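sequence below, structure please.
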Amino acid sequence: MTLAASHASELESFYASAYPGNWFDRRMLETGGYRAVQRDGRIVSVAGVHVLSRKYRVAALGNVATNAAFRGRGLGRIVCAALCKDLMALADPVGLNVLSSNAAAIALYQQLGFVRVAHYEEAMVEAR
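Sure thing, here's the model as predicted:
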């Protein structure tokens, strides 16, 4: 299913348990770039975007998570594949960032056709 602004509170609750420390902002739902699988009326797996520009035809997959009780069932693959199919009609490069230690995510993305392009470092800087 495609998530909309009306799903914001439910999605925030989902991320709080399934993906603490995520980079989700409610405004991201306005892009139309979030797909989810529900079980018993609750979100159990999500794939979204960090970036989606129809004008510049660029997208970055992000905020991908599956509830721990539902992992290993292919739900992440389902939501990522559905979102990527839609994004490919809107963006020429569809990219993503993933922690190099996240082997399960890397394997999923490779199965979907993503290839490693570059290595990068990410850091937080605090003003003192």
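
what lies in contact with stretch 45-62?
3, 11, 14-15, 18, 23-24, 28, 31-37, 63-67, 70, 75-76, 78-80, 82-84, 87, 90-97 (Cβ atoms under 8 Å, 6 or more residues apart in numbering). Where you see a C-beta, it was placed from the backbone N, CA and C, and this is true even at glycine.

can you check stretch 31-44 too?
Contacts of stretch 31-44 (Cβ under 8 Å, 6+ apart): 1-4, 7, 10-11, 14, 28, 45-49, 52, 59, 63, 66-67, 69-70, 75, 78-79, 82-83, 86-87.

let's see 7 Å
1-3, 10-11, 14, 45-49, 52, 66-67, 70, 75, 78-79, 82-83, 87 (Cβ atoms under 7 Å, 6 or more residues apart in numbering).

which residue sits closest to residue 1 in space, ignoring its chain neighbours?
In this structure, residue 1 finds its nearest non-sequential neighbour in residue 36, 5.5 Å apart by Cβ to Cβ, 6 or more residues apart in numbering.

pull out the buried residues from the helix or strand where the one you found lies.
Counting by DSSP states H and E, the element that carries residue 36 is strand 35-39. Within strand 35-39, the residues that count as buried by 16 or more other Cβ atoms under 10 Å are 35, 36, 37.

how about stretch 86-105?
Result for stretch 86-105 [16+ other Cβ under 10 Å]: buried residues 86, 87, 90, 91, 94, 96, 98, 105.
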